[in-house]
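predicted model follows, preceded by the sequence.
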Amino acid sequence: MATSIRAALILVLTRGGTTAKLMAKYRPSMPILSVVVPEITTDSFEWSCSDAAPARHSLIYRGLVPLLSSGSIKGSHVESTEEAVQSAIQYAKANGLCKPGDSIVALHRMNCTDVCNIFPVM
């Protein structure tokens, strides 16, 4: 899909890195921005956040550019996903992975469903 629309970048939101590693297996011609979203959990007394290991582990895969996203405690999963996608697009523009006018294919999970979206870069 990314090749047919001539996307400049594949953006993958992941918690453990497995989805991004599977994408890298097929060696697409465009870079894959693997955005590792940490999981923030609480047990009413203590907050904990998952570590940066998935982002570090994806450094050894061809074509993967790891990015550790900041954790979000937004009201809904949809809001935190949109925030992570927008910050990843800003990072990609700042680092020359895409430019205004390009399109980006984003893979993420929303409400237990895998979603593939196409975003234009503004």
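That came through fine. Residues are numbered from 1 along each chain as shown.

what residues of stretch 38-46 count as buried?
Pro38 (16 or more other C-beta atoms under 10 Å). (Glycine included, C-beta is placed from N, CA and C.)

so how far is that stretch off the chain centroid?
Computed by C-alpha atoms, centre = their mean, to the nearest Å, the chain-centroid distance of stretch 38-46 equals 22 Å.

give me the distance between the two termini of it.
Terminal residues of stretch 38-46 lie 16 Å apart, using C-alpha to C-alpha, to the nearest Å.

just the mean pLDDT for it, thanks.
Stretch 38-46 comes out with an average pLDDT of 73.

and Tyr61, what does it touch?
Ala20, Lys21, Ala24 (C-beta atoms under 8 Å, 6 or more residues apart in numbering).

redo that, cut-off 6 Å
Neighbouring residues of Tyr61 by C-beta atoms under 6 Å, 6 or more residues apart in numbering: Lys21, Ala24.

quick check, pLDDT for it.
90.

again, but for Cys116
90.

and for it, nearest residue in space, chain neighbours not counted?
Leu107 (5.5 Å; C-beta to C-beta, 6 or more residues apart in numbering).

and the one you found, which of the three is it?
strand (DSSP: H, G, I helix; E, B strand; the rest coil).

hmm, who's touching stretch 15-23?
Val12, Thr14, Ile32, Ser34, Val37, Glu39, Pro54, His57, Ser58, Tyr61, Leu64.

for the protein, what's the longest helix?
Secondary structure of the chain read by DSSP state H shows that its longest helix is helix 77-94.

any idea of the mean pLDDT for it?
Per-residue pLDDT values across helix 77-94 average out to 86.

distance from it to the middle of the chain?
That offset, for helix 77-94, works out to 8 Å (C-alpha atoms, centre = their mean).

okay, strands next: where are they in this structure?
Listed in chain order, the strands of the chain (DSSP state E) span 9-14, 32-36, 40-42, 47-49, 64-68, 103-110, 113-120.
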